[in-house]
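Colleague: need coordinates for the below:
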Amino acid sequence: MRHHSLSLLLILLGVCGLDRLHAQSMPITIRAEVKNLGRDTKDGKTPEKTETKALAIQVRNGSAAAQENLTLKWTLFASRLQKGANDTVVQKEGSSSLSLAAGSQTSLETPGVAYTWTPQHSERIGSGRRARFKRIEESGHRYHGYRIQVFDSEGRLLGQTASTPALLKPAD
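Modeller: Numbering: from 1, shown residues only. Below is the predicted model:
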């Protein structure tokens, strides 16, 4: 039992050490806030909805050296709402060039991105006592999340964040 506890302690120390090493290897920290720029319906009679989102991004250089020729890449994702489809697609992506002095930070905002979808609903067919209702499946793209990555001039990943861990991916 004592050997098992010692092994567990060594594993925990190793994991904590790896986390510290990982944090040191990522000198750039990124914070993002999703801004809702508006919500609209096509007209008062149809259930189609449009929502516009943007990202307010803060990038901070936590290292003691200036970071020059950086590339910030952002991606906004959408859930594809189609019967039988349960996937996430890229709604819009972009990039910006930036340089940061030691210990400094900068802020930027992405352009607004519109997401349009129609929720599941029913439509009346016919009139009077013989009226029936037809089920209409949901369709379109609804906001799912974001990913932001900062790369140096050689393409090495210096920092990244995402709205959910599933959207993080290794550097390309």
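
Colleague: wait, what's in contact with A78?
Modeller: Applying CB atoms under 8 Å, 6 or more residues apart in numbering to A78 gives the contacts T88, V89, V90, Q91, Y115, H141, R142, Y143, H144. Bear in mind the C-beta positions are built from the backbone N, C-alpha and C, glycine included.

Colleague: so which residue is dead centre in the protein?
Modeller: With distances taken as CA atoms, centre = their mean, the residue of the chain nearest its centroid is Y146 (1.1 Å).

Colleague: that one contacts L167, correct?
Modeller: Yes - using CB atoms under 8 Å, Y146 is in contact with L167, at 7.2 Å.

Colleague: need the overlap of contacts for the two.
Modeller: Counting by CB under 8 Å, 6+ apart, the common neighbours of Y146 and L167 are T75, F77.

Colleague: quick one, strands of this structure?
Modeller: Secondary structure of the chain, counting by DSSP state E: strands at 28-41, 49-61, 67-80, 88-100, 105-109, 113-118, 121-125, 132-136, 139-151, 157-162.

Colleague: quick one, the second one and strand 139-151 angle?
Modeller: Looking back up the chat, that one is strand 49-61. Interaxial angle, strand 49-61 versus strand 139-151 (axes from the mean of the first three to the mean of the last three CA atoms, to 10 degrees): 10 degrees.

Colleague: oh, and call the first residue 766 from now on, that's how I've got it
Modeller: Sure thing, new numbering starts at 766, so read that last one as strand 814-826.

Colleague: what distance separates strand 814-826 from the centre of its chain?
Modeller: Its chain's C-alpha centre and that of strand 814-826 lie 9 Å apart, by CA atoms, centre = their mean, to the nearest Å.

Colleague: one more: the fourth one?
Modeller: In terms of CA atoms, centre = their mean, the centre of strand 853-865 is found 10 Å from the chain centre.

Colleague: who touches it?
Modeller: 793, 824-826, 831-845, 871, 873, 875-876, 878, 880, 906, 908-910, 932.

Colleague: show me which pair in the contacts of A843 is furthest apart.
Modeller: Spanning the widest gap among the contacts of A843 are V855 and R907, at 14.0 Å by CB to CB.

Colleague: more neighbours, the two?
Modeller: A count of neighbours by other CB atoms under 10 Å puts R907 above the other of V855 and R907, at 17 against 11.

Colleague: my guess is that one contacts A879, does it?
Modeller: No - with contacts counted by CB under 8 Å, R907 stays clear of A879, the gap being 11.3 Å.

Colleague: what ranges of the chain fall below the confidence cut-off?
Modeller: 766-791, 806-810, 849, 935-937 (pLDDT under 70).
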